[in-house]
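Q: got a sequence here, can you build the structure:
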Amino acid sequence: MGLYHVGTVRKSRLGWCPDIEYSQKKRPKTIPRGQYRIAHSTQYPYLVALAWMESKPVNMIATGCSTHQTTVNRREKDGSITITPRPQLVVDYADGMGGVDVHDQLRLQRYSLQKCVAFKKYYK
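A: Sure, this is the predicted structure:
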């Protein structure tokens, strides 16, 4: 169909795969930063669920995205730089967030229909 989507999702939502979720609210020292778990849907082959452990667990769902591993440089508390793995799906999500940020800025500057159009109530 040609419609691709990537976004974050709460793990309490209906249909979320409980096998891949992390039970911790913050990353313990025993789990390395950048570890992730992936689940593919059998009914919809392009649907992918991902749980990625950064400083907190991040749950994502996507259609048609690559799940290959890429790397990112992260600065530790002592100032050293470490190479952390992350899936390509997270990179695609971060690249697409630029448009959302621009919309939020414009909305705050009153360029939104919600702020500039006066809606009248014709009933009591």
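Q: buried stuff in the longest helix seen in the chain?
A: Selection of the longest helix in the chain by residue count, based on DSSP state H, yields helix 88-108. Neighbour counts over helix 88-108 (16 or more other Cβ atoms under 10 Å) mark 89-93 as buried. All C-beta spots, glycine's among them, are computed from the backbone N, C-alpha and C.
Q: stretch 26-39 now?
A: 27, 34-37, 39.
Q: which one of those residues sits closest to Ser55?
A: Distance to Ser55, by Cβ to Cβ, is smallest for Arg27 among the buried residues of stretch 26-39, at 5.7 Å.
Q: pLDDT below threshold where in this protein?
A: For the chain, the stretches flagged by pLDDT under 70 are 1-2, 98-101, 110-117, 119, 124.
Q: so where do the helices sit in it?
A: 88-108, 113-116.
Q: hang on, the earlier thing: tell me the one of the buried residues of stretch 26-39 nearest Leu3?
A: Ala39 (20.5 Å).
Q: who's the closest one bridged to?
A: Ala49 (DSSP bridges).
Q: look up how far Thr63 lies from it.
A: 14 Å (Cβ to Cβ, to the nearest Å).
Q: shared neighbours of those two, which are they?
A: Taking Cβ atoms under 8 Å, 6 or more residues apart in numbering as the criterion, Ala39 and Thr63 both touch Val48.
Q: going along the chain, name the strands of this protein.
A: 5-8, 36-40, 47-53, 57-63, 69-75, 81-87 (DSSP state E).
Q: may I see those strands organised as a markdown table, with distance to Leu106 added?
A: Formatted as a markdown table, the strands of the chain follow (distance: least, Cβ to Cβ, whole Å):
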| stretch | distance to Leu106 |
| --- | --- |
| strand 5-8 | 21 |
| strand 36-40 | 33 |
| strand 47-53 | 30 |
| strand 57-63 | 26 |
| strand 69-75 | 29 |
| strand 81-87 | 30 |
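Q: quick one: residues contacting Met97.
A: With Cβ under 8 Å, 6+ apart, Met97 has no contacts at all.
Q: now Ala39
A: So Ala39 contacts 17, 19-20, 48-50 (Cβ under 8 Å, 6+ apart).
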